[in-house]
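Engineer: Structure of the sequence below:
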Amino acid sequence: MIICALRLIANNYLSVYTFETMMLTLGADLYTTSKLLGHADVKMTQVYAKIINQKKDDAVNLVNGLFD
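Structural biologist: Presented below is the predicted three-dimensional model:
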């Protein structure tokens with residue numbers, strides 16, 4: 001029974017994480033995404049925005065030096 005409960009929690013978290021990451025990647029603003037997810041504070045959403053910004057930086061860095 002405990003394993004089922006843990007799987008349910010993990011699945012819910014994964015769904016929320018995926019939705020949040022997708023919205024921010026597609027360009028939705030932090031405030032709107034935060035409200036859609038029911039976050040009491042935008043700081044919760046900012047954690048994922050940092051992940052998205054790092055991914056953008058990583059993508060840009062892939063072409064650094066390409067045209068040297």
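Engineer: Centre-most residue in the chain?
Structural biologist: The structure's the chain has its C-alpha centroid closest to Thr21; by Cα atoms, centre = their mean the separation is 2.8 Å.
Engineer: can you tell me how far the spatially closest residue to that one that is not a sequence neighbour sits from Val16?
Structural biologist: Using Cβ to Cβ, 6 or more residues apart in numbering and skipping residues adjacent in sequence, the residue nearest Thr21 is Tyr48, 5.8 Å away. For the C-beta atoms, the positions are set from N, CA and C on the backbone; glycine is no exception. Going from Tyr48 to Val16 by Cβ to Cβ, to the nearest Å gives 10 Å.
Engineer: what about the residue nearest to Thr21, which SS state?
Structural biologist: Following DSSP: H, G, I helix; E, B strand; the rest coil, Tyr48 is assigned to helix.
Engineer: pretty sure it is touching Met22, no?
Structural biologist: No: contact between Tyr48 and Met22 fails when scored by Cβ atoms under 8 Å: they sit 10.1 Å apart.
Engineer: Looking only at neighbour counts, state which of these two leads.
Structural biologist: Tyr48 (20 against 12; other Cβ atoms under 10 Å).
Engineer: which SSE is the residue nearest to the centre of the chain in?
Structural biologist: For Thr21, the host element (DSSP states H and E) is helix 2-25.
Engineer: hey, which helix or strand in this protein has the poorest pLDDT?
Structural biologist: helix 2-25 (a mean of 72; mean pLDDT, DSSP states H and E).
Engineer: CA atoms only for the next helix-or-strand element following that one, dumped as CSV, please.
Structural biologist: Counting by DSSP H and E, the element after helix 2-25 in chain order, helix or strand, is helix 30-37. Listed next in CSV are the C-alpha coordinates belonging to helix 30-37 (Å, rounded to 0.1, in the frame of the first residue of the first chain):
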residue,chain,number,x,y,z
LEU,A,30,6.5,33.2,-14.5
TYR,A,31,3.5,34.9,-12.8
THR,A,32,0.9,33.2,-15.0
THR,A,33,2.6,29.8,-14.8
SER,A,34,2.8,30.2,-11.0
LYS,A,35,-0.9,31.0,-10.8
LEU,A,36,-1.9,28.1,-13.1
LEU,A,37,-0.1,25.8,-10.7
